[in-house]
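J.: Give the three-dimensional model of this entry:
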Amino acid sequence: MKKIILHINILLFFTTTMVISQTTNQGALYISEGTIFSTLEDFDNQTTGSFINDGDAYIYRDFNNDGVVDFYEGGLTRFIGLASQSISGTEESYLYDVYFDNSSSAVPFELSGMINIGGEADFYNGIVDNDNYGGMITFDTEGTHINTSDYSHVDGKVHKLGDNDFIFPIGDSGYYRFGGISSPSSITSIFSGKYYLENSDLIYSHELRAGVIEQIDDQEYWTIEKETTSEEDVLVTLSWREETTPEVMISAAEEGNLTIVRWDEGLNMWVDEGGAIDLDSQTVTTSVNGYGVFTFGIVNSSEVLPCHIVVYTAVTPNGDGVNDYFLIDTSNNECAYNLEVQIYNRWGVKVFESDDYGVNGDVFDGYSTGRMTIDDTNQLPTGTYYYILEYDYDTSTGTKRHKQAGYLYLSGN
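T.: Predicted coordinates for the structure are as follows:
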């Protein structure tokens, strides 16, 4: 492997004063595969500069880009420092693999510029702060991350492009508190996620909530936004932790009463989005009717499944007449109508949808009617799936809408 430590050549200009030393690129600098580039001083890629990295670049001080930063085949850019590092510039820096390692402070990376990650971001050590510095971090279609923790994540908003599922590597005040989305249907989709260790009641009154919601998390909330206009059906996942989530919310999860709630701007109130609780991963997952501000809520268990509807979550479509389809028993139904059902696989891809479930044989029997094709017959594999059930029902005070999410188990035997 070639190793290059550059401070000055015909393309790089090294300037020194009594207090400032800097590596400046005003031309075309290409780091080829198998080559190491290292700069021990601040790196400034000026408006005329082109910095293409297909090799291994070590940035030990501040990094500024006002020109072109990109890659052809994919390289690794390492931000490694012994003091706080500023990542700035007026132009977006397109990086492939990125490595963050700086233990000089709890929040050593000050992001005021724009970086786009096309490969893997290794959050080895050090929080990247764009919340206080106004920068932007984007993961491209194939962008992923590893080693996220309380000690290394993004404090601020993260953007995600494309049609892959994604866990946002976000946190606040030294806590990693991820949220996630399933795979959108369009490669042009853009979503963003941010976590706040703050009481949402200060902005979005908890007194304004749908009747089924008894209590709302008053210590944390997320924003998950769809920033493109295309129609998308994705699952949203939120995580809980005892360090940040109220104990009463965690107890509700154990009792099956924890849900995801969303602030609905149009209704000016919190609405229940339902949720499938996973105690092992400490997450709640659901499909949503809109985007924006989310947090946890506790639902009134006495109002869950009104109208005496019963959901059977075992599906064994083997023709024996028992559990051959996803059964939603409405035989004792007193008031429900307009049953809508959506079913997703564990990657969040919708495999079934019905606007009038159970009518004229419109039921889920283990075959996909969505955008995922397994084989010529669209038969789905054995496994765990998410279901979302919504319906209207009449009460003495008018029509209400019920929504819930849960798991169903599909087996061919």
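
J.: Provide the secondary structure category for residue 326.
T.: For residue 326, the assignment made with DSSP: H, G, I helix; E, B strand; the rest coil gives coil.

J.: Could you give the backbone dihedrals for it?
T.: Here is the backbone geometry of residue 326 (degrees, to the nearest 10): phi -70, psi 110.

J.: how far away is the residue nearest to it when sequence neighbours are not counted from residue 83?
T.: The spatial neighbour of residue 326 that comes closest, neighbours along the chain excluded (Cβ to Cβ, 6 or more residues apart in numbering), is residue 364 at 4.1 Å. All C-beta atoms are positioned from the backbone trio N, CA, C, and that covers glycine. Residue 364 is 58 Å from residue 83, where distance means Cβ to Cβ, to the nearest Å.

J.: which one of those two has more residues nearby?
T.: Higher neighbour count among residue 364 and residue 83: residue 364, with 26 against 11, using other Cβ atoms under 10 Å.

J.: Wasn't the more buried one part of a strand?
T.: No - counting by three-state DSSP, one finds residue 364 to be coil, located in no strand.

J.: in terms of contact, does it touch residue 315 like I think?
T.: Yes - assessed by Cβ atoms under 8 Å, residue 364 is found in contact with residue 315 at 7.1 Å.

J.: Now the common contact residues for these two.
T.: Common neighbours of residue 364 and residue 315, using Cβ atoms under 8 Å, 6 or more residues apart in numbering, are 325, 326.

J.: Who are the contact partners of the residue nearest to residue 326?
T.: So residue 364 contacts 315, 325, 326, 341, 343, 352, 354 (Cβ under 8 Å, 6+ apart).

J.: Mind listing the residues bridging to the last one?
T.: By that I understand residue 354. On the basis of DSSP bridges, residue 354 is bridged to residue 341.

J.: contacting residues for it?
T.: Residue 354 touches 339, 340, 341, 362, 363, 364, counting by Cβ under 8 Å, 6+ apart.

J.: is it true that the fourth one touches residue 352?
T.: No - judged on Cβ under 8 Å, residue 362 makes no contact with residue 352 at a distance of 9.7 Å.

J.: More neighbours: these two, which one.
T.: The neighbour comparison of residue 362 against residue 352 (other Cβ under 10 Å) goes to residue 352, with 23 against 15.

J.: Skip the chain neighbours and tell me the closest residue to residue 367.
T.: residue 378 (5.1 Å).

J.: one step back: could I get the contacts of residue 364 as TSV with pLDDT?
T.: Output for these, formatted as TSV (pLDDT from 0 to 100):
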residue	pLDDT
315	89
325	90
326	90
341	94
343	94
352	92
354	92
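
J.: now these as a markdown table including distance to residue 77?
T.: A markdown table is the format used below for the contacts of residue 364 (distance: Cβ to Cβ, whole Å):
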| residue | distance to residue 77 |
| --- | --- |
| 315 | 48 |
| 325 | 52 |
| 326 | 48 |
| 341 | 46 |
| 343 | 41 |
| 352 | 43 |
| 354 | 48 |
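
J.: Count the residues that sit near residue 411.
T.: When neighbours are counted by other Cβ under 10 Å, residue 411 registers 14.

J.: returning to that earlier point: distance of the residue nearest to residue 326 relative to residue 343?
T.: Distance from residue 364 to residue 343, counting by Cβ to Cβ: 6 Å.

J.: Pull the distance from the host helix or strand of residue 51 to the chain's centre.
T.: Per DSSP states H and E, residue 51 falls inside strand 50-53. The chain centroid and the centroid of strand 50-53 are separated by 30 Å under Cα atoms, centre = their mean, to the nearest Å.

J.: What strands flank it, and is each parallel or antiparallel?
T.: strand 28-31 (parallel), strand 68-70 (parallel).

J.: per-domain residue ranges of this structure.
T.: The chain is divided into the following domains under automatic domain parsing: 1-156, 187-303, 305-410.

J.: and the last one, how far out from the chain's middle?
T.: Its chain's C-alpha centre lies 25 Å from the corresponding centre of domain 305-410 when counted by Cα atoms, centre = their mean.

J.: same thing with the second one?
T.: The chain centre lies 13 Å from the centre of domain 187-303; the measure is Cα atoms, centre = their mean.

J.: State the mean pLDDT of that domain.
T.: Mean per-residue pLDDT for domain 187-303: 92.

J.: again with the longest one
T.: Rounded to a whole number, the mean pLDDT of domain 1-156 is 89.

J.: is the residue nearest the centre of the chain in a bridge, and if so with what?
T.: In the chain, the C-alpha nearest the mean C-alpha coordinate belongs to residue 180, at 2.8 Å (Cα atoms, centre = their mean). Counting by DSSP bridges, residue 180 forms beta bridges with residue 167, residue 237.

J.: Ok, residue 95 next?
T.: Counting by DSSP bridges, the residues bridging with residue 95 are residue 117.

J.: mind listing the strands in the stretch 251-400 of the chain by residue range?
T.: Listed in chain order, the strands found in the stretch 251-400 of the chain under DSSP state E, counting those that start in this stretch are 258-264, 269-274, 276-278, 283-287, 292-299, 310-311, 314-315, 328-329, 336-344, 350-354, 383-395, 398-410.

J.: Turn the ones you listed into a markdown table, including distance to residue 32.
T.: Shown next, in a markdown table, are these (distance: least, Cβ to Cβ, whole Å):
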| stretch | distance to residue 32 |
| --- | --- |
| strand 258-264 | 48 |
| strand 269-274 | 50 |
| strand 276-278 | 46 |
| strand 283-287 | 43 |
| strand 292-299 | 45 |
| strand 310-311 | 59 |
| strand 314-315 | 55 |
| strand 328-329 | 60 |
| strand 336-344 | 44 |
| strand 350-354 | 44 |
| strand 383-395 | 45 |
| strand 398-410 | 50 |
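
J.: closest one to residue 115 among those strands?
T.: Closest approach to residue 115 among these (Cβ to Cβ): strand 292-299, 25.4 Å.
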